[in-house]
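S.K.: Just to be clear, the model below is a prediction. Sequence and coordinates:
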Amino acid sequence: MAETKVKGAQKASNSTKKTSAPKAAAKGTATETVKQPDPVLPIANGEAAAATGAPKATTPAQPEFPKETYLRWYEQMQLMRKFEEKAGQLYGQQKIKGFCHLYIGQEACVAGAVSALTKDDKWITAYRDHAHPLALGTSPNAIMAELYAKATGCSKGKGGSMHMFDKEVNFIGGHGIVGAQVPMGAGIAFAEKYNKTGNLCICYMGDGAVRQGALHEAFNMAMLWKLPVIFVVENNGYAMGTSVQRTSNVTELYTMGESYDMPAEPVNAMSVEDVHNAVARAAERARAGEGPTFLEFKTYRYKGHSMSDPAKYRTKEELEDYRSRDAIEAVRHTILTHNMASEEDLAAIDEKIKAQVLESVEFAENSPFPTADELYKDVYVQQDYPYIHD
């Protein structure tokens with residue numbers, strides 16, 4: 001990892017620091033050390049933390065993947081972005097109520113992982129959870145209806161923004177309790193191993209969740225039992241609004257895996273290619289029976305922690321610095337630079353997404369709210385459970 005200085009930081013990245021690289025980076029190279037990317041650093045004291053060599057969105061790059069992959073990434077990430085921008089607008093109009101945590105800026109964390117895994121793998125995350133099911137194939141209509149608390153929502157209007165579920169695409173939900181999904185992710189992986197499915201579970205968390213004791217219990221058991229799970233911390237630098245440097249003595253979060261001999265690495269998650277490659281390496285280890293991996297996705301959210309957060313703890317300069325590394329613009333630039341598609345082709349994709357988002361709003365507006373008897377449904381597996389009373 002390249003040495004990088006952070007203005008005003010209490011600590012700097014150390015080029016000599018030990019890195020737990022995956023033990024099986026590729027077939028036949030069980031002890032090969034994987035070259036680490038130059039990751040975008042987390043934030044320190046509200047100042048821009050630009051990483052040396054971090055890619056700008058306008059920097060040409062030799063394509064690593066086929067045209068179809070880049071176009072799929074572009075469409076997926078644009079759908080996440082435009083859907084959430086509309087959700088934020090609707091929240092301001094009080095069409096959507098309660099809590100609402102937007103993913104704007106972090107889209108590559110999901111898009112790169114989806115392309116590296118299979119449709120049979122399981123997904124679980126925290127409450128910043130709209131983008132995951134969108135990328136996995138859940139209808140935008142069902143997600144918007146859930147934000148509206150309508151009966152046609154993916155959680156029947158009972159979960160709202162923080163509790164999206166869709167069994168059909170193996171999305172095991174967003175979870176509102178900080179860190180609760182970490183042991184659950186390990187448990188899902190245990191079930192996959194027990195049933196010999198060959199599938200894995202990818203478990204996302206925010207940087208604030210690594211302070212939870214349940215994480216350490218889950219890490220220990222996952223390594224002890226060599227569970228097929230990929231733990232991902234989406235380090236956007238601020239948790240709920242306080243920088244990592246102010247809340248943790250360990251600021252390179254991936255190194256926490258070393259306590260359990262868990263292979264771990266930092267990932268520049270403003271690059272969808274880097275995300276794909278890191279998840280693919282971790283998936284290969286998991287499917288080979290070698291156990292879990294801990295990935296630190298170094299990313300950034302352009303909005304506050306939730307819609308009620310004005311994000312005054314950071315500067316405009318810092319925000320613009322990270323916007324210059326926007327993953328969607330980077331993919332767009334790669335597509336155009338290497339003649340994978342024309343401006344007109346991308347404009348057609350944008351129009352298609354705009355129509356999808358508008359359709360989802362119309363669908364949600366016209367859908368009914370759950371009826372009162374829904375209070376008694378989905379509580380117990382046994383439909384005629386005798387202790388339910390009107």
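M.R.: That came through fine. Numbers count the residues shown, from 1 in each chain.

S.K.: what's the offset of the longest helix belonging to the chain from the middle of its chain?
M.R.: Counting residues, the longest helix found in the chain (DSSP state H) is helix 67-92. Chain-centre distance of helix 67-92: 14 Å, with Cα atoms, centre = their mean, to the nearest Å.

S.K.: so what does it touch, helix or strand wise?
M.R.: When contacts are defined as 3 or more Cβ pairs under 8 Å, 6 or more residues apart in numbering; DSSP states H and E, helix 67-92 packs onto helix 108-116, helix 131-136, helix 140-147, helix 327-337, helix 343-366. Quick note: C-beta positions are derived from backbone N, CA and C, even for glycine.

S.K.: let's see it at 7 Å
M.R.: helix 108-116, helix 131-136, helix 327-337, helix 343-366 (3 or more Cβ pairs under 7 Å, 6 or more residues apart in numbering; DSSP states H and E).

S.K.: Buried residues in it, which are they?
M.R.: 69-84, 86-87, 90-91 (16 or more other Cβ atoms under 10 Å).

S.K.: That one - what's its average pLDDT?
M.R.: On average, the pLDDT along helix 67-92 is 94.

S.K.: sorry, back to before: I'd like to know which of the helices and strands packed on helix 67-92 is closest to residue 219.
M.R.: Ranking these by proximity to residue 219 (Cβ to Cβ) places helix 108-116 first, at 19.5 Å.

S.K.: Toward the C-terminus from the closest one, list the very next helix or strand.
M.R.: Counting by DSSP states H and E, the next helix or strand C-terminal to helix 108-116 is strand 122-125.

S.K.: next one: that next one to chain centre, how far?
M.R.: Distance, centroid of strand 122-125 to centroid of chain: 10 Å (Cα atoms, centre = their mean).

S.K.: Could you list the alpha-carbon positions for that strand in CSV?
M.R.: The C-alpha trace of strand 122-125 is given here as CSV (Å, rounded to 0.1, in the frame of the first residue of the first chain):
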residue,chain,number,x,y,z
LYS,A,122,-26.6,-14.5,-0.2
TRP,A,123,-26.5,-10.8,0.7
ILE,A,124,-27.0,-9.0,4.0
THR,A,125,-26.3,-5.4,5.0
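
S.K.: What are the contacting residues of that strand?
M.R.: 132, 136, 170-174, 181, 184-185, 188, 192, 199, 201-204 (Cβ atoms under 7 Å, 6 or more residues apart in numbering).

S.K.: next one: stretch 131-144
M.R.: 76, 79-80, 83, 103, 107, 110-111, 114, 123, 125, 130, 152-154, 164, 166, 169, 171, 356-357, 359-361, 363-364.

S.K.: Which ChimeraX command selects the buried ones in those residues?
M.R.: Remark: buried members of these, expressed as a ChimeraX selection using 16+ other Cβ under 10 Å:
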select :76,79,80,83,103,107,110,111,114,123,125,130,152,153,154,164,166,169,171,356,357,360,361,363,364
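
S.K.: Return the subset of the contacts of strand 122-125 lying in strands.
M.R.: If you go by DSSP state E, those have 171-174, 201-204 in strands.

S.K.: What helix or strand is residue 219 located in?
M.R.: Counting by DSSP H and E, residue 219 is part of helix 213-224.

S.K.: buried ones in that helix?
M.R.: So for helix 213-224, counting by 16+ other Cβ under 10 Å, buried means 214-215, 218-219, 221-223.

S.K.: Output the lowest mean pLDDT helix or strand found in the chain.
M.R.: When each helix and strand of the chain is scored by mean pLDDT, DSSP states H and E, helix 244-247 comes last, with a mean of 74.

S.K.: Which strands border the helix or strand following it, and is each parallel or antiparallel?
M.R.: Sequence order places strand 264-268 as the next helix or strand after helix 244-247, per DSSP H and E. With DSSP bridges as the test, strand 264-268 is paired with strand 293-298 (parallel).

S.K.: Quick check: next helix or strand after the partner strand?
M.R.: Downstream of strand 293-298, the first helix or strand assigned by DSSP H and E is helix 316-323.

S.K.: any low-confidence regions in this protein?
M.R.: Along the chain, the parts satisfying pLDDT under 70 run over 1-61, 240-241, 304-310, 388-390.

S.K.: contacting residues around residue 369?
M.R.: Contacts of residue 369 (Cβ under 7 Å, 6+ apart): 149-151, 157.
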